[in-house]
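# quick one: sequence plus predicted model below, questions after.
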Amino acid sequence: MTSDVLAALLRSNMVLALAVVVVLVLRIPLRRLFGPEIAYGLWAVPPVAALASVLPARVDDGAPQVHALAAALADYSAPALLAWTLGAALVVAGLAHAQARFNRAAARGHAGPAVVGVIAPRVLMPADDGTFTPEERVLIRAHEREHVVRCDPRAGALAAVLQALCWFNPLVHLGAHVMRLDQELACDAAVLRRRPRDRALYAKTLLKSQLAAQPLPFGCYWPSRGQHPLEVRIGALRAAPRLDGLAGASLVGTAIVSAAIAAWHLQPPAPRPGPLVELWERQQRQPVTSVMLVSLPSRPPADPAQP
């Protein structure tokens, strides 16, 4: 049983890494063709594919009772699962520490703009010290509220959970970082779709905004590693989608469904249940008749003296 769990974890991790590579390859062409929002939707492919890889497998009469990967891991499953659990616990502790550091910085007024929280996210605005004009603060608030409407903090939390479960896989950490950047680009595009005349002011506000100095695992912030995110975001403001967004959404939906089906088919088939299991299942499908027994009080014997 332990080896089966470990084999499922390894299989889902490999599927997740492969899906991240596919998204990294396709995200920029899709952004240029259909816009940032469609490209961001492509990040639903990795978690859906990973989940599909651990769903109940198809039944095959010729499938072995124990598959090759589980058999190979049988002698090492217990220590490997222990190491996996310890690594995940360390990553969770690191994420919690980073979240606490961000919260302390926010309490001192040294963080923001951002959205903090997962279940009940709240908008964290920068200090009103005259850095931003009232019009710029309106745009910042619209951007952060767009994150809340689109449930982006929950997507970020899911990425953090996957980073903890796949702590040894660098592709998962890279995918989580790039996903956050695509998340910001999609949010920019959504705000400007409602405020097309504020494009120049929006770019100016981005240039004046202070990047979050502390990482924020459970929330939305503006990452500052790799290529400078402001360069990418301001460049995306100038680019217009070449094709219709509905076609892009259909393409992304097709990619999600195809990835789920492919990941499910990649897992080895399960053997057909044995005779006892089949008998139990057949009995469960048979109609059941309920019988209720009612106990009636006995009648007293008749008195012969009475007529």
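Good, I have the coordinates. Small disclaimer: the values here were computed from a predicted structure and weren't measured. Numbers count the residues shown, from 1 in each chain.
# contacts, neighbours, all on C-alpha from now
Noted.
# which non-adjacent residue is nearest Val45?
Take Val45 and drop its neighbours on the chain: the residue closest to it by C-alpha to C-alpha, 6 or more residues apart in numbering is Ile256, 5.0 Å away.
# next, work out how far apart the one you found and Pro153 are.
Here the criterion is C-alpha to C-alpha, to the nearest Å. By it, Ile256 lies 21 Å from Pro153.
# between the two, tell me which one has more neighbours.
Pro153 (26 against 21; other C-alpha atoms under 10 Å).
# strands of this structure, start to end?
59-60, 114-116, 122-124, 219-220, 270-271 (DSSP state E).
# what packs against the second one?
Going back to what we said before, that points to strand 114-116. strand 122-124, helix 134-149, strand 219-220 (3 or more C-alpha pairs under 8 Å, 6 or more residues apart in numbering; DSSP states H and E).
# apply 6 Å and report the result again.
Where contact means 3 or more C-alpha pairs under 6 Å, 6 or more residues apart in numbering; DSSP states H and E, strand 114-116 is packed against strand 122-124, strand 219-220.
# ok, back up a step: how close does the residue nearest to Val45 sit to Leu174?
As judged by C-alpha to C-alpha, Ile256 and Leu174 stand 20 Å apart.
# where exactly do the helices run in the stretch 51-200 of the chain?
Secondary structure of the stretch 51-200 of the chain (DSSP state H, counting those that start in this stretch): helices located at 68-72, 77-107, 134-149, 152-165, 170-194, 199-208.
# okay, the ones you listed in JSON lines with distance to Val48 and mean pLDDT next?
What follows is the helices of the stretch 51-200 of the chain, written out as JSON lines (distance: least, C-alpha to C-alpha, whole Å; pLDDT from 0 to 100):
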{"stretch": "helix 68-72", "distance to Val48": "22", "mean pLDDT": "54"}
{"stretch": "helix 77-107", "distance to Val48": "21", "mean pLDDT": "86"}
{"stretch": "helix 134-149", "distance to Val48": "21", "mean pLDDT": "91"}
{"stretch": "helix 152-165", "distance to Val48": "12", "mean pLDDT": "92"}
{"stretch": "helix 170-194", "distance to Val48": "14", "mean pLDDT": "91"}
{"stretch": "helix 199-208", "distance to Val48": "33", "mean pLDDT": "83"}
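# how about the ones you listed, which one is nearest Arg27?
helix 170-194 (8.6 Å; C-alpha to C-alpha).
# and the closest one, what's buried?
171-173, 175-192 (16 or more other C-alpha atoms under 10 Å).
# just stretch 8-28 next, same as before
8-9, 11-20, 23-24, 27-28.
# and it, how far out from the chain middle?
13 Å (C-alpha atoms, centre = their mean, to the nearest Å).
# show me what it is in contact with.
39, 46, 50, 53, 171, 175 (C-alpha atoms under 6 Å, 6 or more residues apart in numbering).
# cool, and stretch 37-45?
27, 30-31, 182-183, 186, 252, 256.
# for stretch 140-147, same thing?
The contact list for stretch 140-147 (C-alpha under 6 Å, 6+ apart) is empty.
# export only the CA atoms of it, formatted as CSV.
Taking C-alpha atoms only, stretch 140-147 is exported to CSV below (Å, rounded to 0.1, in the frame of the first residue of the first chain):
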residue,chain,number,x,y,z
ILE,A,140,-4.3,50.4,-8.0
ARG,A,141,-7.5,49.5,-6.1
ALA,A,142,-9.2,48.4,-9.3
HIS,A,143,-6.2,46.1,-10.1
GLU,A,144,-6.2,44.5,-6.6
ARG,A,145,-10.0,44.1,-6.6
GLU,A,146,-9.7,42.4,-9.9
HIS,A,147,-7.4,39.8,-8.3
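# from here on, call the first residue 899.
Got it, the first residue is 899 from now on, which makes the last one we talked about stretch 1038-1045.
# show me what counts as buried in that stretch.
By neighbour count on 16+ other C-alpha under 10 Å, the buried set for stretch 1038-1045 is 1038-1045.
# and those as a markdown table, adding distance to Pro977?
Shown next, in a markdown table, are those (distance: C-alpha to C-alpha, whole Å):
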| residue | distance to Pro977 |
| --- | --- |
| Ile1038 | 49 |
| Arg1039 | 49 |
| Ala1040 | 49 |
| His1041 | 46 |
| Glu1042 | 44 |
| Arg1043 | 45 |
| Glu1044 | 45 |
| His1045 | 41 |
